[in-house]
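> return atomic coordinates for the entry below.
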Amino acid sequence: MDAIKSLFKGDPYIWGIYLLLLIISIVESFSATSFLAFRSAEHYTPAMSHVTHLIFGCITVLVLLNIRPHIFRVIGGFAFPASIILLVAVLFTAKVNDASRYIFGFQPSELAKFALVSVVSSILAKGQTSEGVTLSAYKRIIYCTAAICGLIFTENFSTAALLAAVIFFLMFIGRVQLMRLAKLVAVCSLLLGLFVGSLLVLPDSMMVARMDTWKQRIVRSSDDIPKVDQPLNDKNLQVQYGHMAIANGGIVGKGPGQSQIRDFLPLAFSDFIYSIILEEGGLVAGFLMIFLYLFLLIRAAMIFLRCENIFQAFFLLGLAMLVTFQALTNMAVGVDLIPVTGQPLPLLSRGGSSILMTSAYFGIIQSISRCVMENEQKLLQEQMIYEGEMEEEESDLDLEGEDELLDNYDNDSLDMDLDMDEEDYSNYEDDETGVEEEENEFKKY
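The predicted structure is shown next:
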């Protein structure tokens with residue numbers, strides 16, 4: 001038991017969330033990757049590749065939770081310029097699904113998310129005053145966020161928007177003045193409205209990068225024709241099959257490995273894995289997944305309130321929001337609440353970069369949690385030692401008081417005895433004198 005506790009340090013509830021997500025991921029990977037298995041004619045290779053990434057992710061958590069949290073502040077400082085360089089370099093790489101996102105098999109945007117949250121947390125920690133965050137700190141946050149999100153935006157709009165939302169909430173929690181945040185929301189809303197309007201107005205010949213893809217997604221999401229009446233085509237294939245999977249699941253689902261839509265849904269192992277979970281586990285499994293990610297954010301918020309180090313508190317909560325917001329975005333896509341974004345479901349969707357970085361987030365969260373628990377334990381021990389010393393001093397004072405009272409009591413008793421002896425002796429002498437006088441009287445007589 002002690003060996004297990006020494007290995008799995010940190011918050012036990014977060015460990016429970018992480019391990020439960022790993023178990024669900026392993027089970028669902030065998031179902032969701034059947035399309036890849038059929039295409040490659042290898043039954044277990046896609047699923048085992050996913051499991052291998054999960055194993056490396058678990059090792060990452062165990063390594064990072066033993067690193068002191070202040071080290072991540074230094075790493076984030078170096079990772080920020082490195083991520084900018086990689087984001088620029090990835091623009092010149094080959095495109096995958098009409099987007100340049102990978103360099104040497106790794107997504108620089110995953111590193112950029114970690115770096116930006118770390119840098120913003122550091123700026124917020126340094127810029128704290130009695131009236132909130134300083135103006136210079138606020139401007140630095142805006143510049144850093146604009147640089148990272150601007151580079152991600154051209155190839156991955158959803159990731160840029162998700163990261164910007166996390167930074168916004170982090171500024172709100174970090175006591176940035178509400179007037180500044182209101183102005184920021186107004187400016188961003190105006191720019192977003194102009195961007196969407198330009199997408200709908202500009203002709204296809206003027207579309208650059210992924211603008212045409214974004215336009216088609218907006219048009220499809222605003223279509224008034226019910227999904228049931230829409231003909232099945234390459235544009236709505238994923239969404240339509242996702243609806244079928246949800247309808248098949250019902251309340252309790254068809255059971256693990258019993259999905260029927262997995263063989264037809266092209267990205268069942270990535271963007272639409274939540275639809276497969278709903279088909280095999282029903283609404284019960286769907287609500288369980290939502291609860292797990294929200295509970296992660298709740299536990300992070302509870303640890304945030306116990307942190308004594310401001311940077312660690314902001315960094316912890318920022319990473320937890322990254323994981324939770326990304327999960328909720330993927331789920332919203334799976335049930336067709338928002339257009340397809342390409343955001344993976346953390347720890348469940350297939351992808352080595354996403355799994356390793358999400359595991360790194362869990363490791364950092366547990367590292368901060370471990371330090372918080374150690375500090376609390378140290379304070380508790382010091383308090384117990386202090387209370388023990390106080391009890392000993394009170395005990396010594398009580399003993400000294402009792403000794404003094406006992407000495408006073410003995411002295412008083414001795415004095416009383418001496419007084420009584422002198423009184424008895426004087427009475428005795430008086431009696432002797434009286435007897436002699438009586439004898440003399442008798443002799444005279």
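> how about the helices of this protein, start to end?
According to DSSP state H, the chain carries its helices in the segments 2-7, 12-32, 34-40, 45-64, 69-90, 108-126, 135-153, 157-173, 178-201, 211-221, 237-249, 273-306, 310-334, 352-444.
> by mean pLDDT, show me the worst of those helices.
The minimum mean pLDDT among the helices of the chain belongs to helix 34-40 (a mean of 59).
> any idea how far the residue minimising distance to the centre of the chain is from C371?
The C-alpha lying nearest the average C-alpha coordinate of the chain belongs to A320 (CA atoms, centre = their mean; 3.2 Å). Per CB to CB, to the nearest Å, A320 is found 16 Å from C371. Where you see a C-beta, it was placed from the backbone N, CA and C, and this is true even at glycine.
> V88 - how many residues pack around it?
Residues contacting V88 under the criterion other CB atoms under 10 Å number 11.
> that one against L151, yeah?
Yes: with contact defined as CB atoms under 8 Å, V88 reaches L151; the gap is 6.6 Å.
> spit out the contact partners of T134.
The contact partners of T134, by CB atoms under 8 Å, 6 or more residues apart in numbering, come to G127.
> can you give me phi and psi for it?
phi -70, psi 160 (degrees, to the nearest 10).
> cool, and C307?
For C307, the backbone dihedrals (degrees, to the nearest 10) come out as phi -70, psi 140.
> L199 against K215, yeah?
Yes: counting by CB under 8 Å, L199 touches K215, with 4.6 Å between them.
> for the closest residue to G10 other than its chain neighbours, give its distance to L317.
Nearest residue to G10 in three dimensions, chain neighbours excluded: Q366, at 3.3 Å (CB to CB, 6 or more residues apart in numbering). Distance of Q366 to L317, computed by CB to CB: 14 Å.
> same thing with L111?
Distance from L111 to L317, by CB to CB: 20 Å.
> between the two, who's got more neighbours?
Between L111 and L317, counted using other CB under 10 Å, the more crowded position is L317 (26 against 19).
> residue contacts, the more buried one?
170, 173, 300-301, 304.
> hang on, the earlier thing: count the residues that sit near the residue nearest to G10.
When neighbours are counted by other CB under 10 Å, Q366 registers 24.
> does it touch L7 like I think?
No: using CB under 8 Å, Q366 is not in contact with L7; the gap is 11.5 Å.
> quick one, what contacts the closest residue to F172 other than its chain neighbours?
Nearest residue to F172 in three dimensions, chain neighbours excluded: L181, at 6.2 Å (CB to CB, 6+ apart). Residues near L181 by CB under 8 Å, 6+ apart: 168, 171-172.
> could I get the residues you listed as TSV with distance to A327 and neighbour count?
Shown next, in TSV, are the contacts of L181 (distance: CB to CB, whole Å; neighbours: other CB atoms under 10 Å):
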residue	distance to A327	neighbour count
F168	18	17
M171	22	24
F172	20	11
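> tell me the one among these nearest to V335.
Nearest to V335 among the contacts of L181 is F168, at 24.6 Å by CB to CB.
> I'd assumed L184 was in contact with that closest one.
Yes: contact criterion CB under 8 Å: F168 and L184 qualify, at 7.4 Å.
> report pLDDT for the residue nearest to R217 when sequence neighbours are not counted.
Closest residue in space to R217, ignoring its immediate chain neighbours: P339 at 3.9 Å, by CB to CB, 6+ apart. In this model, P339 is scored at 81, pLDDT.
> for G249, see how far away P339 is.
Using CB to CB, P339 is found at 22 Å from G249.
> what's the answer for S275, then?
According to CB to CB, S275 stands 8 Å off from G249.
> could you check which of those two has the larger neighbour count?
The residue with more neighbours, out of S275 and G249, is S275; 32 against 24, by other CB under 10 Å.
> so the more buried one makes contact with V239?
No: using CB under 8 Å, S275 is not in contact with V239; the gap is 9.5 Å.
> next, give phi and psi for the closest residue to V323 other than its chain neighbours.
Nearest residue to V323, sequence neighbours excluded (CB to CB, 6+ apart): P346, at 5.0 Å. The phi/psi pair for P346 (degrees, to the nearest 10) reads phi -50, psi 130.
> test my guess that P346 contacts L356.
No: in this structure, P346 is not within contact of L356 by CB under 8 Å, at 11.3 Å.
> so between the two, which is more surrounded?
More neighbours surround P346 than the other of P346 and L356, with 24 against 18 (other CB under 10 Å).
> how close does the more buried one sit to L162?
12 Å.
> between the two, what contacts are shared?
Common neighbours of P346 and L162 (CB under 8 Å, 6+ apart) are Q326.
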